[in-house]
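> Need a 3D model of the sequence below.
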Amino acid sequence: MSAEPDVPSAPPAAAPPLPGSARFAALVALGIFASRLAGLVRERAFAHYFGNSDVADAVKAAFRIPNLLQNLFGEGVLSASFIPVYARLLAERDEGEARRVAGAVGAALALAMSALVLLGMLATPWLIDLVAPGFEGERRALTIVLVRVLFPGVALLVMSAWCLGILNSHRRFFLSYAAPVLWNAVIIAAMLVAGSRRAAAELAVWVAWAALVGSAAQLAVQLPRTLRLAGRLPLGLGARDPAVQTVFRNFAPAFVSRGVLQISAYVDQILASLLPLGAVAALGYAQTLYTLPVSLFGMSISAAELPFMSSALGSEGEIATALRARLEAAMRRVAFFIVPSAVAFVALGDVIAAAIYRTGRFGPDDVVYVWGILAGSSVGLLASTLARLFAATYYALRDTRTPMRFACVRLAATVGLGILFAFPLPRLLGLEPRWGAAGLTLSAGLAGWLELALLRRTLARRIGRAHLARGDVARLWAAAAASAAVALALERAASAAHPVIAAVVVLGPFGALYLGATLLLGVPEARALATRVQSRLALRRA
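Numbering: from 1, shown residues only. Okay, the predicted model is just below:
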């Protein structure tokens, strides 16, 4: 670790201006919202045709297995290793070196993914035994078929993440985050075309092939803009180039860190596969909902901040001051959106799950099951989202090793608590064994708080202490709780309505009441949001 700068622990009296990040974060959020909305439509169609069946378990497990490579080599790792170097070169106006770095990283990814995809297709049976040991017979055989169809699409999606790195560094944030809409649209179309005419297992194969076609479409829509921005990219790995060496050197710890997070997710799947039938699918349904606010608010703000943080110039102390100011502002924005999301998952999770999934083979008992798993995940929602911001700050400092170490600590805690909460705890509480799936998400949330505490304490030694005022956070929780109390009364009144109508009646007022309460309590983020909305409405009227 580099020498620690002599910086004050308290924030500066006058924070430097934060150029444009809120607007760019809004663009990222808009793109993510579009893709996640398409994803929710996909999940609703999936629930309609597959429910919580053994085929649903197979499809969910199959999508997770090749996604390991996508997540290991994709956006998270490139954000940690590639974007800080590439964005810094652009800030220094060294466009020739930036092109060499972009070309070398793209070539390395293409070579690595070609080899790993081939190896993964050959090793699929052994991979399934590792990540879903509870699968046997037809469920295991179907999963093998699906994974082999899906694997080539992983290489396409990783190259799509390379495009995202270049686009983000050039402050082109919307396209890459909206591109997955195409991926979801192709899968939805396949289910609508074949769903009523095919058996569940055959339909699952259609879904896998559609995912492969969608991966190609997602890359194709980004590549032309990426190549125009990057310019003529030299061929070759550029192994002797210092900037390229920095990317590759930072890639390894980021790869391990991302791998640890993926192992944590796969541990949950392994444990869920040992629970009663339907646990794997229900966990997947809940995670789709849980990751929505993390992506909309945590990912959007972190993605928008990283290029700005990486472009900070000046002395070590000046950079530390700028990073701390950006981090604190981003933390406040994240908390403003994540706190009501966590409260909604606990208090109104049944309304949310029913609105998205209550159709076809997905019945009321399935709604309650997903709600319980979702409530468990809400425990760590704020911690997981804030941890993204802290990790982005480390990446801007060209430090990928510290987040890696703390990710390993989180993994150890997740595994230990997960085994305890998934199996002995339900028995001790007199619950059915299937509720161990809720214990898995609860244990992951507690481990997330441990990781955040470690990231926060160590970063304070580098840039000074970045914090959220306790009074500000308390006002957010109070506003969210009061709004949820009113929403629960509305839920009882709308209990006989269609799930989608009930969601509108309950969730709409919940959001409006939260915004109104935070405005009355003087929360700056609420005032800023209201001002932006009023400005846009005024522009439309004009």
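
> Which residue is the nearest non-sequential neighbour of residue 271?
Nearest non-adjacent residue to residue 271, counting by C-beta to C-beta, 6 or more residues apart in numbering: residue 422, 4.9 Å away. Where C-beta positions appear, they are placed from N, C-alpha and C, glycine not excepted.

> doesn't residue 398 fall inside a strand?
No. Going by DSSP: H, G, I helix; E, B strand; the rest coil, the assignment for residue 398 is coil, not a strand.

> what about it, neighbour count?
Residue 398: 16 surrounding residues under other C-beta atoms under 10 Å.

> my read: it touches residue 87, true?
No. Using C-beta atoms under 8 Å, residue 398 makes no contact with residue 87, being 11.5 Å away.

> shouldn't residue 494 be in contact with residue 506?
Yes. Contact criterion C-beta under 8 Å: residue 494 and residue 506 qualify, at 6.2 Å.

> Compare the two (neighbour count), which wins?
A direct count of neighbours by other C-beta under 10 Å for residue 494 and residue 506 places residue 506 higher, at 27 against 17.

> so how far is residue 429 from that one?
Look at residue 506 and residue 429: by C-beta to C-beta, to the nearest Å, they are 29 Å apart.

> and if you look at residue 30?
Counting by C-beta to C-beta, the separation of residue 30 from residue 429 is 42 Å.

> Which of those two has more residues huddled nearby?
A direct count of neighbours by other C-beta under 10 Å for residue 30 and residue 429 places residue 30 higher, at 16 against 9.

> what sits against the more buried one?
174, 177, 178 (C-beta atoms under 8 Å, 6 or more residues apart in numbering).

> can you do 6 Å?
The neighbourhood of residue 30, defined by C-beta atoms under 6 Å, 6 or more residues apart in numbering, contains no residues.

> Equivalent analysis for the one 3 residues further on, please.
With contacts defined as C-beta under 6 Å, 6+ apart, the neighbours of residue 33 are residue 296.

> That one should be in a helix, yeah?
Yes. With three-state DSSP as the criterion, residue 33 is part of a helix.

> Tell me how far it lies from residue 528.
In terms of C-beta to C-beta, residue 33 sits 19 Å off from residue 528.

> Let me know the average pLDDT across whichever strand or helix holds residue 461.
Using DSSP states H and E, the element containing residue 461 is helix 436-463. Here helix 436-463 scores 93 as its mean pLDDT.

> Figure out how far it is from the centre of its chain.
In terms of C-alpha atoms, centre = their mean, to the nearest Å, the centre of helix 436-463 is set 16 Å apart from its chain centre.

> The following helix or strand past it: which residues count as buried?
Later in the chain than helix 436-463, the nearest helix or strand by DSSP H and E is helix 470-493. For helix 470-493, the buried set under the neighbour-count rule, 16 or more other C-beta atoms under 10 Å, comprises 472, 473, 475, 476, 479, 480, 481, 483, 484, 487, 490, 491.

> any chance of those in a markdown table, plus pLDDT?
Shown next, in a markdown table, are the buried residues of helix 470-493 (pLDDT from 0 to 100):
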| residue | pLDDT |
| --- | --- |
| 472 | 87 |
| 473 | 91 |
| 475 | 94 |
| 476 | 96 |
| 479 | 96 |
| 480 | 96 |
| 481 | 96 |
| 483 | 96 |
| 484 | 96 |
| 487 | 96 |
| 490 | 95 |
| 491 | 93 |
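
> from these, which is closest to residue 141?
Using C-beta to C-beta, the shortest approach to residue 141 within the buried residues of helix 470-493 belongs to residue 491, at 42.9 Å.

> In this model residue 504 seems to touch that closest one, though I could be wrong.
No. Counting by C-beta atoms under 6 Å, residue 491 stays clear of residue 504, with 11.8 Å between them.

> distance of residue 419 from residue 274?
Residue 419 is 10 Å from residue 274, by C-beta to C-beta.

> For the stretch 151-300 of the chain, just list every one of the helices.
174-178, 180-194, 200-230, 242-273, 279-293, 300-310 (DSSP state H, counting those that start in this stretch).

> Could you dump the ones you listed into CSV and include mean pLDDT and mean neighbour count?
Converted to CSV, the helices of the stretch 151-300 of the chain look like this (pLDDT from 0 to 100; neighbours: other C-beta atoms under 10 Å):
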stretch, mean pLDDT, mean neighbour count
helix 174-178, 84, 21
helix 180-194, 92, 20
helix 200-230, 91, 19
helix 242-273, 77, 20
helix 279-293, 86, 25
helix 300-310, 80, 26
